[in-house]
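In: Attaching a predicted model along with its sequence, questions to come.
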2 protein chains.
Amino acid sequence: MSHAPTPAPLSYDQAGVQYDLIDPLKVAAQRAAAATAVQLGKHGFGEVAASRGESAYVVDVGPFYLASIVECLGTKVLVADEMAQLTGRSWYAGIAQDTIAMAVNDLITVGATPLLAQAYWAAGGSAWFKDAARAQALVEGWQKACETCSIAWGGGETPALAGIVEADRIDLACGCTGLVNPKSRLTLGDKLQAGDAIVLLASSGIHANGLSLARKLVERLPEGYLTEIDPVGHPGLRYGEALLAPTALYSPVTEALAQAGIVPHYAANITGHGWRKLLRHPAALTYRIHTVPPVPPVLKFIAEQAGHDAREAYGTLNMGAGFALFVPADLAARTVEIAQAQGIAAWVAGAVEAGPKQLIVEPLDLRWGEDDLHLR
Amino acid sequence: MSHAPTPAPLSYDQAGVQYDLIDPLKVAAQRAAAATAVQLGKHGFGEVAASRGESAYVVDVGPFYLASIVECLGTKVLVADEMAQLTGRSWYAGIAQDTIAMAVNDLITVGATPLLAQAYWAAGGSAWFKDAARAQALVEGWQKACETCSIAWGGGETPALAGIVEADRIDLACGCTGLVNPKSRLTLGDKLQAGDAIVLLASSGIHANGLSLARKLVERLPEGYLTEIDPVGHPGLRYGEALLAPTALYSPVTEALAQAGIVPHYAANITGHGWRKLLRHPAALTYRIHTVPPVPPVLKFIAEQAGHDAREAYGTLNMGAGFALFVPADLAARTVEIAQAQGIAAWVAGAVEAGPKQLIVEPLDLRWGEDDLHLR
């Protein structure tokens, strides 16, 4: 198997996602949304203002906080569809887990226990549902992921949207609602401080961010999705299969931490923008990483094929770290043990320090400053 | 303006929605979802089992019930897109209200107070957001509808899904979460009984159900969406504009009822399947309608153009009744007054009687039995 030895670089913009066109709408929507917060007062409740711009919206309903989110899977289904054609089997059980992970892994960043998920499966037409094996894999994977996260599948919506969703495609999303209970579990970052440890949780692969780039690369590969990505280290591992490794579900870890009385000072789901998500918290603090998790073969492969240097790779993809927990330093080792007991590899990877807002990844000699991430 | 005087009949199946292909998946999904209910026990909570198969999922979290839903707008955006081309203005403020109404009007059927909405706006590519006037109309309409319903806009997701959503189209959905508080407001139909009155709330038009049929009819119209639908009664009212009347929001009515101490015995959102939704409750009861609301011109026009008789029209479209409240007979007149004080016309339209499961619409000499609606 031969790969192009020196591929021309491929950036995220070239892969078709133009954030500058979306962002003005996002800003307008965020302002309009913020203006509606006063509505909760009519019911005797109020929003937790610090959750605006965070990964889930939090409302104070008295005895506990209510957290909710709707998250989209994105374009990972296109890889599953291609691989189904190439391999004759369905990949939608994993896709179901990916979709739930997108919602659950965001919801838990605020300290919420996810309680229920709603399925949103919008197909390009009634014909999508004709492939019974695919539909059944989606159902079974959805159920299993709910059970892994100890959440109830509340129901959902399965519209056939010919003319909006493309023929024989499906747009998958998940609504997730949970409680921060007791309220002391709220994790919006007010406790984050110099001296805290940074614990990174292992990713299972690309998860569901960076797929536009990953799909674009396929055009360059001699055997497309069937290209072996690491013939020596992982013989037989094809690009498409490696991409479709289901996203890790982190709520068993955060729930186990709560059981053990550990409340993180902050948490970040590492999705789009890669490790720059470690800069998510608005405070002026320095994040110094001294230990870098092993890189999943598929991410190493993508970075090589796209011609990314370490800065571009870690600034775009999760590179082996799917979730970050910021905990008191004396609880860091215990946090790692608890994660590993849930089957998720983890590392005490660094520390929070007083200093300008920046992320320093010492082993890779990388630095990002506050101008490198604009989420709010 | 001339219309074909005797159009060939057009059924819902001909309009492209094949429910028989979707239903097996729905059944499998409902079973798998029901199996996850036990997960709530791990958190000390439990589902309200009677909410399975109802319009929103309800969980008992102790001091109150939590209700949540994700709902899709459907294909009404295609009408808005066509009309934008024909008229040069954006119709997305109304579309935003439609999307929120799909979720809110379902959520309130269980007795919940909607508290927050999440936006799901999945575009066919970044380019969708280039039309700043359209995007701004969507934002402003979303905010306004949230304010009408006294709910907070929590946030949302605005993915660009080239390859899944068609170019320059958008897939709109709304996640909505609320509380049944106090718990005595729970409306899952256990109190529904012979002697209750049926109060119907006026629809504003087609709402967001039946659009596949409505769009299919356009091909037959001499001036398409610009066809005048009622030159004598409503001169100048074009088909497209009439279709795009935003869906009525009924939560101000249910909240006002709660303020007045009126807890409906049951509620039904009249969406797909038209008036057959009045048969939603599983009990063996007879629903006798003696008063039929006026039919919005656009629905009258659709029924005529599609060659529907009254049975097909009322079994498919809302025909002027967008929501049904089943209340104790002595509270029916007060219920109407309260709805009208919120700007929603209402009628004491009929009564629940002991007898076989059936809906009888006396003024139109129509009857549906229990075999005419399968939702669970």
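Out: Arrived safely.
In: make it CA atoms for all contacts and neighbour counts henceforth
Out: Fine.
In: Could I get the full set of helices for the stretch 151-300 of chain A?
Out: For the stretch 151-300 of chain A, the helices defined by DSSP state H, counting those that start in this stretch occupy A:211-218, A:239-243, A:251-259, A:297-306.
In: distance from the centroid: which residue in chain A tops it?
Out: Most distant residue from the mean C-alpha position of chain A: A:Lys42, 34.3 Å away (C-alpha atoms, centre = their mean).
In: Pretty sure that one sits in a helix.
Out: Yes: A:Lys42 sits within a helix when classified using DSSP: H, G, I helix; E, B strand; the rest coil.
In: Verify the contact between it and B:Ala152 for me.
Out: No: using C-alpha atoms under 8 Å, A:Lys42 is not in contact with B:Ala152; the gap is 10.5 Å.
In: Now do the contacts for the closest residue to chain B within the stretch 151-300 of chain A.
Out: Sorted by distance to chain B under C-alpha to the nearest C-alpha, the residues of the stretch 151-300 of chain A start with A:Val165, at 4.3 Å. The neighbourhood of A:Val165, defined by C-alpha atoms under 8 Å, 6 or more residues apart in numbering or on different chains, consists of A:Ala122, A:Ala123, A:Gly124, A:Gly125, A:Asp171, B:Ile164, B:Val165, B:Glu166, B:Asp171.
In: List just the nearest of these to A:Leu285.
Out: The closest of those to A:Leu285 turns out to be A:Asp171 (C-alpha to C-alpha; 38.3 Å).
In: Apart from its chain neighbours, what residue comes closest to the closest one?
Out: A:Ala122 (5.0 Å; C-alpha to C-alpha, 6 or more residues apart in numbering or on different chains).
In: that older thread, using a markdown table, please lay out the helices of the stretch 151-300 of chain A together with mean pLDDT, mean neighbour count and distance to chain B.
Out: As requested, the helices of the stretch 151-300 of chain A are arranged in a markdown table below (pLDDT from 0 to 100; neighbours: other C-alpha atoms under 10 Å in any protein chain shown; distance: least, C-alpha to the nearest C-alpha, whole Å):
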| stretch | mean pLDDT | mean neighbour count | distance to chain B |
| --- | --- | --- | --- |
| helix A:211-218 | 95 | 20 | 9 |
| helix A:239-243 | 98 | 23 | 17 |
| helix A:251-259 | 98 | 20 | 10 |
| helix A:297-306 | 97 | 21 | 20 |
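In: now what about stretch A:308-321, what contacts it?
Out: A:9-10, A:200-206, A:209-210, A:270-276, A:293-296, A:299-300, A:303, A:364, A:366.
In: Report the buried members of the residues you listed.
Out: Buried members of these, counted by 16 or more other C-alpha atoms under 10 Å in any protein chain shown: A:10, A:200-206, A:209-210, A:270-271, A:273-276, A:293, A:295-296, A:299-300, A:303.
In: On the pLDDT front, check the residue nearest the centre of chain A for me.
Out: By C-alpha atoms, centre = their mean, chain A has its centre lying nearest to A:Thr271, at 4.0 Å. Among the per-residue scores, A:Thr271 shows a pLDDT of 94.
In: So what pairs up with it in the strands?
Out: In this entry, A:Thr271 is beta-bridged to A:His273, by DSSP bridges.
In: for it, what are its contacts?
Out: Contacts here follow C-alpha under 8 Å, 6+ apart; on that basis A:Thr271 touches A:His207, A:Ala208, A:Asn209, A:Lys277, A:Leu317, A:Asn318, A:Gly322.
In: Is it correct that the fourth one is in contact with A:Ala267?
Out: No: distance between A:Lys277 and A:Ala267: 10.0 Å, which falls outside the contact criterion (C-alpha under 8 Å).
In: if you count what's nearby, which of these two comes out ahead?
Out: It is A:Ala267, of A:Lys277 and A:Ala267, that has more neighbours when counted by other C-alpha atoms under 10 Å in any protein chain shown, with 29 against 23.
In: and that one, what is it in contact with?
Out: Contact analysis of A:Ala267 by C-alpha under 8 Å, 6+ apart lists A:Thr109, A:Val110, A:Thr187, A:Gly189, A:Phe323, A:Ala324, A:Leu325, A:Phe326.
In: Need the pLDDT of it.
Out: Predicted confidence (pLDDT) for A:Ala267: 97.
In: Please report the distance of it from A:Phe323.
Out: Distance, A:Ala267 to A:Phe323, by C-alpha to C-alpha, to the nearest Å: 7 Å.
In: And for A:Leu66?
Out: Taken as C-alpha to C-alpha, the span from A:Leu66 to A:Phe323 is 22 Å.
In: just A:Gly261 next, same as before
Out: Applying C-alpha to C-alpha, the value for A:Gly261 to A:Phe323 is 19 Å.
In: okay, those two: which has more neighbours?
Out: Ranked by neighbour count (other C-alpha under 10 Å), A:Gly261 and A:Phe323 place A:Phe323 first, with 26 against 10.
In: residues in contact with that one?
Out: A:Phe323 is in contact with A:Leu200, A:Leu201, A:Ala202, A:Ser203, A:Tyr250, A:Ala267, A:Ala268, A:Asn269, A:Ile270, counting by C-alpha under 8 Å, 6+ apart.
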